[in-house]
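# A predicted structure for the sequence below; I have some questions about it.
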Amino acid sequence: MASSAMIRSLFFALALFACGAYSRKLQELSMAERHEQWMAKYGKVYKDAPEKEMRLQIFKDNVEFIDAFNAAGYKPYKLSANAFADMTNGEFKASRTGYKRAGRTARTGGITLFRYENVTGVPASLDWRKKGAVTGVKDQGQCGSCWAFSTVAATEGINQLKTGKLISLSEQELVDCDINGEDQGCEGGLMEDGFQFIINNGGVTTESNYPYDATDGTCKTAKEASHAAKITGYEVVPANNEATLLKAVANQPVSVSIDAGGSSFQFYSSGVFTGDCGTDLDHGVTAVGYGTTADGTKYWLVKNSWGESWGEEGYIRMERDIDSKEGLCGIAMDSSYPTV
Ligand SMILES: *[C@@H]1O[C@H](CO)[C@@H](O)[C@H](O)[C@H]1NC(C)=O
């Protein structure tokens, strides 16, 4: 005989299950809504419904990761559902980095001249943007051309310091025309090979003369022959010492190499980034300054090439002077700068 209490508890259990299903449904709805809003914000269009459904699932996984990270608050930086929120970490790594260290023979070290070796008394903080040596943040798009953006940003910096003129220079020229060493357009490259290309070519043209289109194209030789800035050499910063890197960055914007492949780097939004990251260098960026926060955290100011919507208006502050000699994400492992 079923008592009314049993019936009530059975009913209650059913109601609970139903409520569970209902709230799950609500959550999915709001995730679909968040995805729609995000698509509108970033102008995303998918080719068909299955593609959209697949991207929604990836978006959902990423947003859950981002929300949980921010709610936990155990790091001094925040993540956000930025333009990469519908990409898996594998897709992100494959299309947004492009530093080809693997193809390169190990540097023996200590051979090349380092002109800032004996520099002393560097300022406590520095921001090359405030000195007019840094152009606006650019966007490499879905092309592994980070190396070209880093090469060009460091060249724009030294050109401004030497001539007083800040000229936005062409990454596409490097993508299309530079086949030096490891440089292979959207398939990746190295900044040192990029500097060597500019030296051999006798200069590099302007962004407006040879605009960026994020694809491998045929070299436009007439544009390649028109030079808006030139460099005469490049030097390598002795590796694995942040104090040494500081001497260089205190004197000009410097091309640095980092491991930017992690999810927390993918979704970095603001604050001083402290990892997690490894030292598997896969991305070329530009150190354009350094400083210390009000609470005493030292950081590198780094210009990225993922547009202004990523990070702090296209920049990231990365923790500086950490315990490991390689620096955070390997930032002190492989740095170079052009000379005039
Ligand atoms: C730094 O100082 C040492 C010792 O005086 C000198 O031998 C070396 O050439 C200097 N380095 C540079 C880059 O000027």
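Done, it's in.

# from now on I want contacts and neighbour counts done on CA atoms only, so please keep to that.
Will do.

# count residues in the vicinity of the closest residue to the ligand within the stretch 51-200 of the chain, would you?
Closest residue of the stretch 51-200 of the chain to the ligand, CA to the nearest ligand atom: residue 115 (4.0 Å). Residues lying near residue 115 (other CA atoms under 10 Å) number 13.

# am I right that it sits in a strand?
No. Counting by DSSP: H, G, I helix; E, B strand; the rest coil, one finds residue 115 to be coil, located in no strand.

# for it, what are its contacts?
Neighbour list for residue 115: empty [criterion: CA atoms under 8 Å, 6 or more residues apart in numbering].

# okay, it and residue 200: tell me how far apart.
22 Å (CA to CA, to the nearest Å).

# again, but for residue 86
For residue 86 relative to residue 200 (CA to CA), the value is 41 Å.

# higher neighbour count, the two?
The neighbour comparison of residue 86 against residue 200 (other CA under 10 Å) goes to residue 86, with 25 against 13.

# can I take it that residue 287 is in a strand?
Yes. Counting by three-state DSSP, residue 287 is located in a strand.

# does it touch residue 251 like I think?
No. The criterion here is CA atoms under 8 Å, and residue 287 misses it with residue 251 at 11.1 Å.

# okay, the two: which has more neighbours?
Using other CA under 10 Å as the criterion, residue 287 and residue 251 rank with residue 287 on top: 32 against 17.

# quick one, grab the pLDDT at that one.
You'll see residue 287 listed with a pLDDT of 98.

# let's have the chain start at 6 instead
I'll keep to 6 as the first residue from here, and by that count the last item is residue 292.

# show me the contacts for it.
So residue 292 contacts 254, 258, 259, 260, 261, 305, 306, 307, 308 (CA under 8 Å, 6+ apart).

# what does the stretch 6-155 of the chain put close to the ligand?
Selection of the stretch 6-155 of the chain residues close to the ligand by CA under 6 Å from any ligand atom yields 119, 120, 121, 122, 123.

# how much space between the residue nearest in space to the middle of the chain and residue 63?
Centroid check for the chain by CA atoms, centre = their mean gives residue 309 as the closest residue, at 4.3 Å. Look at residue 309 and residue 63: by CA to CA, they are 24 Å apart.

# got it, and residue 175?
Residue 175 is 34 Å from residue 63, by CA to CA.

# more neighbours: which of the two?
For residue 175 versus residue 63, neighbours defined as other CA under 10 Å are more numerous around residue 175 (25 against 17).

# how about the strands in this protein?
82-84, 131-132, 238-242, 259-263, 273-278, 288-297, 303-308, 320-324, 340-344 (DSSP state E).

# if you rank the contacts of residue 292 by neighbours, which is first?
residue 260 (32 neighbours).

# wait, what's in contact with the closest residue to residue 276 other than its chain neighbours?
Setting aside the residues directly before and after it, residue 276 is nearest to residue 82 in space (CA to CA, 6 or more residues apart in numbering), at 4.2 Å. By CA under 8 Å, 6+ apart, the contact set of residue 82 is 273, 274, 275, 276, 277, 278, 279.

# coming back round to it: are any of the residues of the stretch 6-155 of the chain next to the ligand buried, and which?
119, 121 (16 or more other CA atoms under 10 Å).

# now the residues of the stretch 6-155 of the chain next to the ligand in JSON lines, with pLDDT?
Formatted as JSON lines, those follow (pLDDT from 0 to 100):
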{"residue": "119", "pLDDT": "95"}
{"residue": "120", "pLDDT": "97"}
{"residue": "121", "pLDDT": "98"}
{"residue": "122", "pLDDT": "96"}
{"residue": "123", "pLDDT": "97"}
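
# residue of the stretch 156-305 of the chain nearest the ligand, please.
For the stretch 156-305 of the chain, CA to the nearest ligand atom, closest residue to the ligand: residue 240, 11.0 Å.

# give me the phi and psi for residue 150.
Torsion angles at residue 150 (phi, psi; degrees, to the nearest 10) stand at phi -110, psi 20.

# from memory it sits against residue 105, does it?
No. Between residue 150 and residue 105 there is no contact under CA under 8 Å: 10.2 Å.

# so what sits against both of these two?
Joint contacts of residue 150 and residue 105 (CA under 8 Å, 6+ apart) are 193, 194.

# with neighbour numbers in mind, choose between the two.
In this view residue 150 and residue 105 are compared by other CA under 10 Å, and residue 150 has more residues nearby, 34 against 21.

# against residue 336, how distant is the more buried one?
For residue 150 relative to residue 336 (CA to CA), the value is 18 Å.

# repeat that for residue 308.
Distance from residue 308 to residue 336, by CA to CA: 13 Å.

# cool, residue 136 as well?
Distance of residue 136 to residue 336, given as CA to CA: 23 Å.

# quick one, which of those two is more surrounded?
More crowded of residue 136 and residue 336, by other CA under 10 Å: residue 336, with 29 against 11.
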